[in-house]
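> after the sequence you'll find the predicted model.
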Amino acid sequence: MKRIITYGTFDLLHYGHINLLQRAKALGDYLIVCLSSDEFNSLKGKKSYFNYEQRKKLLEAIRYVDLVIPETCWEQKKSDMHEYHIDIFVMGDDWKGRFDDLRDEGVEVIYLSRTPEISTTQIKETLHNTKK
């Protein structure tokens with residue numbers, strides 16, 4: 001069985017997220033999504049619209065996702081590769097090169113292209129500008 005893992009905030013879930021999850025799952029058999037906790041988002045200077053539990057419920061409802069676990073710090077990625085017996089680490093290509101060192105943990109690192117016309121940042125900006 002090939003195990004895949006990806007990481008993210010997945011706030012304001014949209015079809016770009018679904019595309020990424022579908023393509024990640026197609027690389028193997030079991031997809032784990034490591035979801036940024038609210039505390040970790042604060043450390044990164046991010047504020048989600050939905051809290052961790054709400055975002056987790058949304059992800060768990062997606063048929064491509066087999067398991068959702070919390071991401072609490074940058075350093076946990078290396079230990080996750082071993083704890084969850086990961087074969088493939090997947091991220092969007094906006095992170096290209098950032099996690100290449102995980103190959104040293106024995107996993108394949110793949111950066112998938114993003115869905116170009118949609119992003120959470122874009123949605124937030126559009127909603128903010130609509131209010132004016």
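Alright, I've got the coordinates.
> in the chain, which spans are strands?
Taking DSSP state E as the criterion, the chain contains strands spanning 3-8, 30-36, 67-71, 88-92, 108-112.
> take those strands and write them to JSON lines, including mean pLDDT and mean neighbour count.
Every residue, glycine included, has its C-beta placed from N, CA and C. Converted to JSON lines, those look like this (pLDDT from 0 to 100; neighbours: other CB atoms under 10 Å):
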{"stretch": "strand 3-8", "mean pLDDT": "97", "mean neighbour count": "22"}
{"stretch": "strand 30-36", "mean pLDDT": "98", "mean neighbour count": "22"}
{"stretch": "strand 67-71", "mean pLDDT": "98", "mean neighbour count": "16"}
{"stretch": "strand 88-92", "mean pLDDT": "96", "mean neighbour count": "21"}
{"stretch": "strand 108-112", "mean pLDDT": "97", "mean neighbour count": "17"}
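> least confident secondary structure element in this structure?
helix 120-131 (a mean of 66; mean pLDDT, DSSP states H and E).
> thinking again about what came up before, just put the strands of the chain in JSON lines and tack on distance to A24.
Output for those, formatted as JSON lines (distance: least, CB to CB, whole Å):
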{"stretch": "strand 3-8", "distance to A24": "5"}
{"stretch": "strand 30-36", "distance to A24": "6"}
{"stretch": "strand 67-71", "distance to A24": "13"}
{"stretch": "strand 88-92", "distance to A24": "4"}
{"stretch": "strand 108-112", "distance to A24": "7"}
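> what's the closest of the ones you listed to A61?
Taking CB to CB, strand 67-71 is the member of the strands of the chain nearest to A61, at 10.2 Å.
> now the closest residue to L112 other than its chain neighbours: how far from G92?
The shortest distance from L112 to any non-neighbouring residue, by CB to CB, 6 or more residues apart in numbering, is to R23 (5.4 Å). Distance of R23 to G92, computed by CB to CB, to the nearest Å: 10 Å.
> shared neighbours, the two?
Contact criterion CB atoms under 8 Å, 6 or more residues apart in numbering; residues shared by R23 and G92: L112.
> gap between A61 and I69?
According to CB to CB, A61 stands 16 Å off from I69.
> no further questions, thank you.
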